[in-house]
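J.: Fold the stuff below for me.
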Amino acid sequence: MRFRMPFALALLFAALVLMPVAAEDPIPVNPPPLIKRQPVRPVPGGPAPVGTQMSDTDALKQVGLSPDEAGPLMEYLKIRTLSDTDQSKMGEIIQRFGADDFEERLQAAEEIERYGSAAIGPLKAAASNPDPEIAYRARLTLRRMEKVPHSLVAAAAVRAIVKLKPKDAVAVLIGFLPLADTDEVAEEIRLGLIAMAVVDGKPDPALIKALTDKSVARRSAAYVALTEGGPPDERIRIKEAYPLVKEAVRKETDADAKFRGLWSLLMTTREKEFVPDLIETIPNIHRGRIWQLEELLLQMAGKDKPANASFGKSADSLTKAKNAWAGWWKTKEKDIDLVKFDFKPRITGYTDIIEYDYRGYGIYQIITLGPDLKEKGRIGGTGVNQLGYPSDVKKLANGNYLIAEQNGNRITERDATGKIIKTTSISQPLSIDLLPKGGMVVVCRNQVIQYDKDMKQVWQFQRQQYDIMSGRRLPNGDVIFVTQTRPANCFRVDGKDGLAKPVLQTGAFEHIAVALELVPKAKPLNLGIIQTYHSMDVIGDDKILVCEYNRVVEYDLKTGKAGWKYDVNNANSCQRLPNGNTLITMLNYGQTGRVIEVDSSGEILWEYEGKDGLRTARAYRR
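T.: Residues are numbered from 1 along each chain as shown. Alright, predicted model coming up:
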C-alpha cells in the first residue's frame with residue numbers, strides 16, 4: 001500500500017511570493033510577417049523553471065562554463081548522454097518509483113541519484129508519468145538533485161555550440177537529443193541541427209547515420225535537419241541526402257516521426273508525391289497532426305471539398321475521411337500546382353490554454369500544447385513575474401506572448417520564460433485583437449481602445465458601467481461587445497473613430513434583448529443571459545459566437561436569428577475553427593475544468609483537462 005505526503009502546506013508557502021514589478025515601456029506591436037513556404041516551427045527558447053530567469057552566460061556560470069569555449073560545452077552534454085543500455089536501466093529504476101513496497105521506492109530513488117546530472121532529463125519526463133506515485137517520486141528526486149537549473153544550462157550550452165560550430169558539434173547534439181531535459185531544450189537542438197546540417201556542401205555524417213538510429217527522436221530530427229533550412233527558392237537543400245531521407249521516412253514505423261518527415265518534405269520540396277503519403281498516415285497520427293493536415297487539405301480544396309471529408313473521432317470515421325481525401329487527390333492532383341500554391345495556415349496545431357487556481361493560492365499559468373499534444377511551453381505559476389488573472393493571450397511574430405491581465409490592470413509582453421519585456425497599464429483588459437498593419441484593439445470592462453503599432457491611442461470608447469463581459473473585432477474593423485446589463489446587452493463600435501453605431505433597443509423580452517446596428521429590415525435579436533467573463537468569437541462580418549449562461553450559440557447579425565448551438569453551463573471561451581468545429585472551455589467542470597472540440601453535430605472530438613490542481617479557463621487554437 002502506498003503512502004503519500006500531503007502537499008497543502010508546501011503549496012501554501014509556494015504561493016506567498018513577491019508580485020512582479022512591471023516595466024514602463026509601451027509595447028510596440030508590429031505587423032505579423034507573411035508565412036513563408038517552410039513549415040511553421042515554434043520559436044527557439046522554451047520556458048525556464050518557474051521563477052528562474054537568467055541570461056545564457058549566467059546560466060552557464062552555474063556549472064563553470066563559458067559561452068566562448070566549445071570544448072567544455074560539448075563535454076557537459078557528453079557527460080549527460082547515456083548509452084542505450086544505461087537509458088534502459090534508468091527506465092527500469094524509475095518504474096520502481098511506483099512499487100508497492102515503500103523501502104523499494106526509496107532504494108530506487110537512491111540508485112537513480114548515482115547517475116548524477118545525466119538523470120535530470122529522464123526524471124523530468126517521469127514527472128509527468130500517469131502513475132501519480134512515479135510522478136511524485138520523480139519530482140521529489142529532482143528537488144534533491146537539481147541544485148542548478150540544468151534545463152537552462154543545457155539550452156544555453158546548445159545555443160552557444162550552434163553559434164561556435166565546432167567540429168563534431170552535430171554528433172554531440174544529436175547524441176544528447178533523447179536525453180534533453182525538456183521539449184524546449186530538444187527544440188533548441190533540432191533547430192541547431194538544421195543550422196549545422198551542411199558541411200562544405202555535404203550533409204553532416206552524423207545526420208546521415210541518425211536516419212537509421214534506434215532512437216525515434218534522433219531519426220525524426222535527422223529527417224527535418226536534412227530537408228529544411230535552405231534558401232526559400234531552393235526546394236531540395238541537399239541533393240545527396242534527399243533520396244536517403246525519402247527512403248528512411250517511408251520506412252519509418254513511428255507515426256509521429258513519419259508525419260514530421262513527410263510534412264517537412266512536402267512543405268520544403270513541394271513535390272506532389274508526398275500528399276498521398278501524408279493522407280495515408282491517418283488514422284494513426286495524433287489529433288494535433290490531423291489539424292495540421294486538415295488545414296492544408298481544406299485550403300487546397302477550397303469550395304471543392306469532398307463529401308465525408310470531416311475527421312471524426314472514431315477510427316471508422318477517420319478512415320472514411322482518409323479515403324474521401326485520397327479519392328479527391330487522385331481526381332484533382334493534375335489541377336494543383338504546389339509550387340505556386342500559397343499556403344498560409346490559419347491553424348498550425350498549437351493550442352494555448354489559460355489555467356486558474358481556485359484553491360485560494362492565486363496561481364495562474366498559460367501552457368502551450370504542440371501538434372503532438374505535448375506541452376511545449378509554460379508561463380506563470382509561482383515565483384517572480386506572476387500573472388495577474390490572465391484573460392487573453394496572443395503569440396507574437398517575435399516568439400513572445402502578449403497577455404491581457406485583467407486583475408493586474410495591464411497588458412504584458414513576455415518572453416518564453418515568462419519574463420516581462422514590456423508593460424502597458426490599462427484598466428481590466430478582457431481581450432486583445434492584433435491589427436493587420438500593426439497595433440491592437442483592446443476590450444476592457446468599461447471601454448474599448450484601439451492602439452497603433454507604437455501603442456499610441458487611436459480612439460477610445462467608454463461606458464459608465466463596468467459591465468462588459470467579452471468583445472471582439474470584426475473583420476471590417478468594427479468591434480462587437482456584450483454586457484451583463486439588461487435590457488440591451490450587445491453593442492457595436494465603429495472601427496474608424498470609436499463612436500457607437502446606431503443600435504435598435506428592442507425592450508424587455510423573455511431573454512435579455514440585444515442592441516443591433518440599425519439596418520433596413522433588421523429584426524431584434526434576443527440574446528440569452530451573459531453572466532460570466534468569457535472569450536467570444538466572430539465568424540466573418542455578420543456572425544458572432546458567444547457564451548451564454550446555458551449554451552454556446554451562434555448569432556447572425558443580419559437576420560437576427562440564432563444558429564448553431566451547444567448546450568453547456570457557463571462556458572468561458574469559444575472559438576470557431578477553420579474546419580467548422582468549435583473549441584469550448586469550461587472553468588467550472590469538476591476540479592480541473594475542461595477544453596473540448598466539438599463538431600457541428602455536437603460530438604466531442606478532442607478534450608483536455610487542467611493539470612497541477614488548476615482549472616482550464618480559456619483555450620485558443622493557432
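J.: where do the strands sit along the stretch 401-550 of the chain?
T.: With DSSP state E, counting those that start in this stretch, the ranges of strands along the stretch 401-550 of the chain come out as 401-405, 410-414, 420-425, 429-434, 440-444, 447-451, 457-462, 468-473, 479-483, 490-493, 503-504, 516-517, 537-539, 543-547.
J.: In a markdown table: those, plus mean neighbour count, mean pLDDT and distance to Ala326.
T.: Backbone N, C-alpha and C define where each C-beta goes, glycine included. Below are those laid out as a markdown table (neighbours: other C-beta atoms under 10 Å; pLDDT from 0 to 100; distance: least, C-beta to C-beta, whole Å):
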| stretch | mean neighbour count | mean pLDDT | distance to Ala326 |
| --- | --- | --- | --- |
| strand 401-405 | 24 | 97 | 39 |
| strand 410-414 | 24 | 96 | 43 |
| strand 420-425 | 18 | 95 | 46 |
| strand 429-434 | 22 | 98 | 37 |
| strand 440-444 | 25 | 98 | 42 |
| strand 447-451 | 23 | 97 | 47 |
| strand 457-462 | 14 | 96 | 49 |
| strand 468-473 | 24 | 96 | 37 |
| strand 479-483 | 24 | 93 | 41 |
| strand 490-493 | 22 | 89 | 44 |
| strand 503-504 | 17 | 34 | 50 |
| strand 516-517 | 22 | 40 | 45 |
| strand 537-539 | 20 | 97 | 30 |
| strand 543-547 | 25 | 96 | 32 |
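J.: quick one: which of the ones you listed is nearest Leu142?
T.: Closest to Leu142 of the strands of the stretch 401-550 of the chain is strand 410-414 (C-beta to C-beta; 24.7 Å).
J.: just checking, what packs against that closest one?
T.: Contacts defined by 3 or more C-beta pairs under 8 Å, 6 or more residues apart in numbering; DSSP states H and E place strand 410-414 against strand 401-405, strand 420-425, strand 429-434.
J.: how big is the angle separating that strand from strand 420-425?
T.: If you take axes from the mean of the first three to the mean of the last three C-alpha atoms, to 10 degrees, strand 410-414 sits at 170 degrees to strand 420-425.
J.: starting at the chain centroid, how far to strand 410-414?
T.: Offset of strand 410-414 from its chain centre (C-alpha atoms, centre = their mean, to the nearest Å): 18 Å.
J.: Likewise for stretch 552-567?
T.: 29 Å.
J.: of the helices and strands packed on strand 410-414, which approaches Asp612 most closely?
T.: strand 401-405 (18.8 Å).
J.: about what we covered before: Ile379 is nearest to which of the helices and strands packed on strand 410-414?
T.: With respect to Ile379, and counting by C-beta to C-beta, the nearest of these is strand 401-405 at 6.3 Å.
J.: Please produce JSON lines containing the helices and strands packed on strand 410-414, extended by distance to Ile604.
T.: As requested, the helices and strands packed on strand 410-414 are exported to JSON lines (distance: least, C-beta to C-beta, whole Å):
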{"stretch": "strand 401-405", "distance to Ile604": "28"}
{"stretch": "strand 420-425", "distance to Ile604": "37"}
{"stretch": "strand 429-434", "distance to Ile604": "26"}
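J.: Thr368 is in contact with Ile354, correct?
T.: No - Ile354 lies out of contact with Thr368 (C-beta atoms under 8 Å); the separation is 10.8 Å.
J.: Between those two, tell me which one has more neighbours.
T.: Ile354 (31 against 23; other C-beta atoms under 10 Å).
J.: The helix or strand that one falls within pairs with which strands?
T.: Using DSSP states H and E, Ile354 sits within strand 351-356. Here strand 351-356 has these sheet partners by DSSP bridges: strand 364-369 (antiparallel), strand 615-621 (antiparallel).
J.: buried sites along it?
T.: Neighbour counts over strand 351-356 (16 or more other C-beta atoms under 10 Å) mark Thr351, Asp352, Ile353, Ile354, Glu355, Tyr356 as buried.
J.: Send me it as PDB with only the CA atoms.
T.: As requested, the backbone C-alpha atoms of strand 351-356 are provided in PDB (Å, rounded to 0.1, in the frame of the first residue of the first chain):
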ATOM      1  CA  THR A 351      -3.200  25.300 -28.500                       C
ATOM      2  CA  ASP A 352      -2.700  28.000 -25.800                       C
ATOM      3  CA  ILE A 353      -4.500  27.200 -22.600                       C
ATOM      4  CA  ILE A 354      -5.000  29.600 -19.700                       C
ATOM      5  CA  GLU A 355      -5.400  27.900 -16.300                       C
ATOM      6  CA  TYR A 356      -6.700  29.300 -12.900                       C
END
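J.: what separates that strand from the chain centre, distance-wise?
T.: Between the centre of strand 351-356 and the centre of its chain there are 9 Å (C-alpha atoms, centre = their mean).
J.: quick check, Pro122 in a helix?
T.: Yes - secondary structure assignment (DSSP: H, G, I helix; E, B strand; the rest coil) places Pro122 inside a helix.
J.: how about the nearest residue to it once chain neighbours are set aside, what does it touch?
T.: Using C-beta to C-beta, 6 or more residues apart in numbering and skipping residues adjacent in sequence, the residue nearest Pro122 is Met90, 5.3 Å away. Going by C-beta atoms under 8 Å, 6 or more residues apart in numbering, Met90 touches Leu82, Ile112, Tyr115, Ala119, Pro122.
J.: ranking those by neighbours, who comes first?
T.: Sorting the contacts of Met90 by how many neighbours each has (other C-beta under 10 Å) puts Ala119 first, at 26 neighbours.
J.: which element is the spatially closest residue to that residue that is not a sequence neighbour on?
T.: In this structure, Ala119 finds its nearest non-sequential neighbour in Ile112, 5.2 Å apart by C-beta to C-beta, 6+ apart. Element membership of Ile112, judged by DSSP H and E, is helix 102-113.
J.: contacting residues around that helix?
T.: Helix 102-113 is touched from outside by 2-3, 90, 93-94, 96-99, 119, 123, 133, 137, 140-141, 144-145, with contacts defined as C-beta under 8 Å, 6+ apart.
J.: to the chain's geometric centre, what's the distance from stretch 297-314?
T.: For stretch 297-314, the separation from the chain centroid amounts to 24 Å (computed by C-alpha atoms, centre = their mean).
J.: Quick check: which element contains the residue nearest to Ser128 when sequence neighbours are not counted?
T.: Nearest residue to Ser128, sequence neighbours excluded (C-beta to C-beta, 6+ apart): Ala135, at 6.5 Å. Per DSSP H and E: Ala135 is located in helix 132-145.
J.: can you pull the buried residues of that helix?
T.: For helix 132-145, burial by neighbour count (16+ other C-beta under 10 Å) applies to Glu133, Ile134, Ala135, Tyr136, Arg137, Ala138, Leu140, Thr141, Leu142, Met145.
J.: Pick out whichever of the residues you listed sits closest to Glu294.
T.: Proximity of the buried residues of helix 132-145 to Glu294 (C-beta to C-beta) peaks at Ala135, which lies at 32.9 Å.
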